[in-house]
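Peer 1: Everything below, folded, please.
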Amino acid sequence: MKTKNIDQQTLQKWFSFNRESDSIITSAELIIIDQEKGMEEIQGKNKSREKRLHEAKYHLEELKRRVNYIKEYEISTESFNSSVVHTLDSLQLDYLQEKLKLEASLCEFQEFTMP
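Peer 2: Numbering: from 1, shown residues only. Here you go, the predicted model:
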């Protein structure tokens, strides 16, 4: 019974993870595409912005790599037990760290003006 409980909890957790990660990746890709369009107009004139864009692309690719690894690990897992759950939790922590780095680099593009 305990194994089934682990299976159910883990599956629910990772279905949620899959939806979230796909959404974050899609949103980041759209923001980066929008920023690239803006860069075409001022290419070479704003090195700081180019550096931020490069950094955001790097963190997006790292996040994609981690998400793909996690998904492949999930698919290759034949049965869920406590060690698999622990490994998935560890992989999710790596994912969260990279997600924060991506979000921080994307925040660099947000410009706020005082009313």
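Peer 1: Please make it C-alpha for all contacts and neighbour counts, starting now.
Peer 2: OK.
Peer 1: what about Trp14, distance to Ile75?
Peer 2: With distances taken as C-alpha to C-alpha, to the nearest Å, Trp14 is found 11 Å from Ile75.
Peer 1: Please identify which of these two sits among more neighbours.
Peer 2: More crowded of Trp14 and Ile75, by other C-alpha atoms under 10 Å: Trp14, with 18 against 9.
Peer 1: what about the more buried one, distance to Tyr95?
Peer 2: 12 Å.
Peer 1: same thing with Ser83?
Peer 2: 18 Å.
Peer 1: out of the two, which sits in the busier spot?
Peer 2: For Ser83 versus Tyr95, neighbours defined as other C-alpha under 10 Å are more numerous around Tyr95 (21 against 9).
Peer 1: Compute the mean per-residue pLDDT across the helix or strand harbouring that one, please.
Peer 2: Assigned by DSSP states H and E, Tyr95 belongs to helix 82-107. Average pLDDT, helix 82-107: 89.
Peer 1: do stretch 14-21 as well
Peer 2: Here the average pLDDT along stretch 14-21 is 83.
Peer 1: now what about it, what contacts it?
Peer 2: Residues outside stretch 14-21 that contact it (C-alpha atoms under 8 Å, 6 or more residues apart in numbering) are Val67.
Peer 1: change it to 10 Å
Peer 2: Residues from elsewhere that reach stretch 14-21 (C-alpha atoms under 10 Å, 6 or more residues apart in numbering): 8, 10-11, 23, 26-27, 63-64, 67, 70-71, 74, 88-89, 92, 95-96, 99.
Peer 1: centre of the chain versus that stretch, how much separation?
Peer 2: Stretch 14-21 sits 11 Å away from the centroid of its parent chain (C-alpha atoms, centre = their mean, to the nearest Å).
Peer 1: And for stretch 76-90?
Peer 2: The answer for stretch 76-90 is 20 Å, by C-alpha atoms, centre = their mean.
Peer 1: what about Glu74, how many residues close to it?
Peer 2: The local packing of Glu74 (other C-alpha under 10 Å) involves 16 other residues.
Peer 1: same thing with Glu78?
Peer 2: Neighbour tally, Glu78, other C-alpha under 10 Å: 9.
Peer 1: Look at Leu53 and report its pLDDT.
Peer 2: pLDDT recorded at Leu53 is 90.
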